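Peer 1: need the 3D shape of this:
(chains A and B)
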Amino acid sequence: MPLSLAIVVVALPLLMFLFLGLVGVKMGRKITGVIGVIAMLVDTVLAYGVALTYFFGSGEGQMVDGVRQAVVVANPAWLSFTDTLVVRMGVLVDPIAAMMLVVITTVSLMVHLYSLGYMSDHDGNAEKGFQRYYAFLALFTFSMLGLVVATNIFQIFIFFEMVGLSSYLLIGFYYSTPAANHANKKAFIVTRLADLFFLLGIMILSYYTGTFDFDKLVFGPTMSGSLETAQSAISTAGGATFMGCSVMAWALTFIFIGGAGKSAMYPLHIWLPDAMEGPTPVSALIHAATMVVAGVFLVARLFPLYVLVQGAMNIILVVGAFTAFYAAAIACTQSDIKRALAFSTISQIAFMMTSLAVSSNNNALIEIHEGQGLGYMASMFHLFTHAMFKALLFLCAGAIIHAVHSNENSKMHGLHKFMPITSICFLIGCLAIAGIPPFAGFWSKDEILVAAYHRGLGWGLWMSMVACMTAFYMFRIYYLIFFWKKHEVHDEHHAPKDQVWTMTLPLIILAVISCVAGFVPFHNMVTWDGHHLHTAIDWTVAGSSVAVALVGIGLATVMYYKENPLPERMANAMRGLWTASYKRFYMDELYQFITHKVIFQTLCVPIAWFDRHIIDGFFNLLADTTNSVSYGIRRLQSGSIQAYVFIYLLGALLLAAITAVCVMLF
Amino acid sequence: MDLTLFMYLIPSLIMFGCGVYGFITRKNMIAIMISLELMLNSVDINFVVFNRYLFPGQLEGMFFSLFAIAIAAAETALAIAIIINVFRIAKNVDIKQITKLKF
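Peer 2: Numbering: from 1, shown residues only, chains lettered A, B, ... in the order given. From the prediction side, this is the model:
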């Protein structure tokens, strides 16, 4: 299969968006969904074909001397401002892009299929806005695919905005509920703020390097650019400094801020929990598996540049490590299962960021070769496995919510008997995220921990602690949903049960993937420099990570398997801490305070006063003066010709008199 | 005694002044129109006189005053027609009384 099919993979969802969006309302609701699913299936098959061809096929120059190359399939100019300033729209296939094609299409297909059931009531009647929903899903899929195959940083930026837009549209799908409206505005504004920094970073980077294109910007064996080019770019920029840091460090930090906004890194994470107001399949697709890893993808794409700028890497490391812990601490107390999963997502994405950041060391410029890329590989591996099992967890949560009509775990409890398939799938997802072998999460998280221990013992221990918390909060959610106490059924007819096959089948498929995804030979496929990475399981790290996961699971089992007063007692013993965690450490309140009390009060109110009273006042003054003068002289416009003639005569005589006087005097 | 330019212009000026005065002060529309005619005629006199004294041997001024007389006749006919119609509606030709079209 030729790699140029990647163009079709990207374009097909766009066509579906236009088709479903324009023609959808004319067709029935169900048929729109079915067409969407079939198109997505075709797209998925094509994407798998492209990825398999890229990784295992021969020819087309993707392997040179055993080093995997990036292949630019198409790269037409889109906007040419000058000879040098050209914005291109292209399709680039390299290891991470090929991997992302697989991730996005798989999860998107599952979500498309699942939504057939989820977006219908229990009698199978599709909801209002079904066509709109599928059109937006297609738009999102297109934007995300366009993002990962981008050939230049400006294209990434454009698609960054487009995924933000589709996220906004889908969070606000139930636009009649105020909560959804607040949530989508919040998501849009926060990510826009971050994207402002991203744009600044792009400008600085492109100004000093003179290009947008990755193959010139990013050196390394996978790209045609050379190390010398990159180093010269860095050193050109290195000469200029701003506030004590090199320009390149500023640019890369700004770009990271853009990525952090999308990837919900602290302190820009506040939009993600609120984004759970959207339909659950949307949360699974956008806010768990694909869009939120765009930031990680961005850093991974520019990884060879980040390697050269240690300062930016350290910022990522600190932000990532802190966010991982912070989000995990919040996830331990949330009662809304979707929000708990959202914080889990934040924590796991922070794992990926940390992993990217630990994979470089200070003398990167001197020795750039094997051994350093472990964190990078681990990060991409975790991105891949996490997308699968987190989508699984979200879709399970969706099935439960669809069955009990509530997000609160107090309305669930003891569902295991009623929804056995969902329960088992959720358990597989929990085992995978907790890092129990042989499930997917074990392999990727283990690599991350190995990379973290390479960087330093402290980082390794910190991430191990977060891994333990991950196991604890995931099993807390699991037990509170499926066990804890007997589920009270008020009405036999409406007892919760496993949902229709369109919803159950994706769960089973994703559960199977979560079981086997760990065996994908990532170290041979996705490395930052295209070389094979020789890794072996480090059994001390692997053993300890399994041990901490088991500790977390054991703790959760003791506390939450059967109804008992222990959790309540612990919460009471640490009331302040528990409340702080439940209230998400008051970050939302802090933002509210900063924006409303500080920024609005001290900055916006005076500016608004100035605008209203000085700027508007000046123009009001002009208008009022004109008005009153006109009102005063309106009597002159009497309509009496005789009066006009009289005044005209006086004027003429006056002029004559003046002329006469002037003539006489001079 | 030769007739000088001023001997023509002074009656013309008096006629014009009377016309302006009448136009401004009279209330009767017919009277206003007569005042208007006075002004026009004084201007005609000026045309002819200036032509006679300043450009002897040429006829532009003469023709111009002929045109003015013709147009004045047409205008008078029109004005009379309007005044008659106004009178039919308002039973009046007093310009102060005819305020029907005012805002």
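Peer 1: please, which helix or strand holds the residue in chain B that chain A sits nearest to?
Peer 2: Per C-beta to the nearest C-beta, residue B:24 is where chain B lies closest to chain A, at 4.9 Å. Placement of C-beta: from N, CA and C, glycine included. Taking DSSP states H and E as the criterion, residue B:24 maps to helix B:5-25.
Peer 1: surely residue A:161 is in contact with residue A:195?
Peer 2: Yes - with contact defined as C-beta atoms under 8 Å, residue A:161 reaches residue A:195; the gap is 6.5 Å.
Peer 1: so for the helix holding residue B:24, mean pLDDT?
Peer 2: For helix B:5-25, mean pLDDT rounds to 92.
Peer 1: per-residue pLDDT of residue A:224, please?
Peer 2: 44.
Peer 1: now do the helix ranked longest in chain B: which elements does it pack against?
Peer 2: When chain B is parsed with DSSP state H, its longest helix is helix B:60-90. Packed against helix B:60-90 by the contact rule (3 or more C-beta pairs under 8 Å, 6 or more residues apart in numbering or on different chains; DSSP states H and E) you find helix B:29-54.
Peer 1: if I look at the residue positioned nearest the centre of chain A, how far off is residue B:57?
Peer 2: By C-alpha atoms, centre = their mean, chain A has its centre lying nearest to residue A:292, at 2.4 Å. Going from residue A:292 to residue B:57 by C-beta to C-beta, to the nearest Å gives 102 Å.
Peer 1: next one: residue A:143
Peer 2: 92 Å.
Peer 1: check residue B:51 too.
Peer 2: Taking C-beta to C-beta, one finds residue B:51 at 10 Å from residue B:57.
Peer 1: what about these two, which has more around it?
Peer 2: Just comparing residue B:51 and residue B:57: by other C-beta atoms under 10 Å in any protein chain shown the higher neighbour count belongs to residue B:51, 19 against 6.
Peer 1: that one is in contact with residue B:58, isn't it?
Peer 2: Yes - contact criterion C-beta under 8 Å: residue B:51 and residue B:58 qualify, at 6.7 Å.
Peer 1: OK, contacts around residue A:117?
Peer 2: A:402, A:499-503 (C-beta atoms under 8 Å, 6 or more residues apart in numbering or on different chains).
Peer 1: closest to chain B out of the residues you listed?
Peer 2: residue A:402 (70.0 Å).
Peer 1: now do the residue nearest the centre of chain B, the pLDDT please.
Peer 2: By C-alpha atoms, centre = their mean, chain B has its centre lying nearest to residue B:37, at 2.3 Å. Model confidence at residue B:37, expressed as pLDDT, equals 92.
Peer 1: and what of the one 4 residues further on?
Peer 2: Predicted confidence (pLDDT) at residue B:41: the value is 93.
Peer 1: now swap in the one 5 residues further on and tell me
Peer 2: At residue B:46 the predicted local distance difference test score is 93.
Peer 1: I'd say it and residue B:13 touch.
Peer 2: No - applying C-beta under 8 Å as the test, residue B:46 and residue B:13 come out as separate, 9.0 Å apart.
Peer 1: who has more neighbours out of these two?
Peer 2: When residue B:46 and residue B:13 are compared for neighbours, residue B:46 comes out ahead with 18 against 14, by other C-beta under 10 Å.
Peer 1: phi, psi of the residue nearest to residue A:407 when sequence neighbours are not counted?
Peer 2: Spatially, and ignoring its direct neighbours in sequence, residue A:407 is nearest to residue A:336 (4.6 Å; C-beta to C-beta, 6 or more residues apart in numbering or on different chains). Backbone torsions of residue A:336, given as degrees, to the nearest 10, read phi -80, psi 120.
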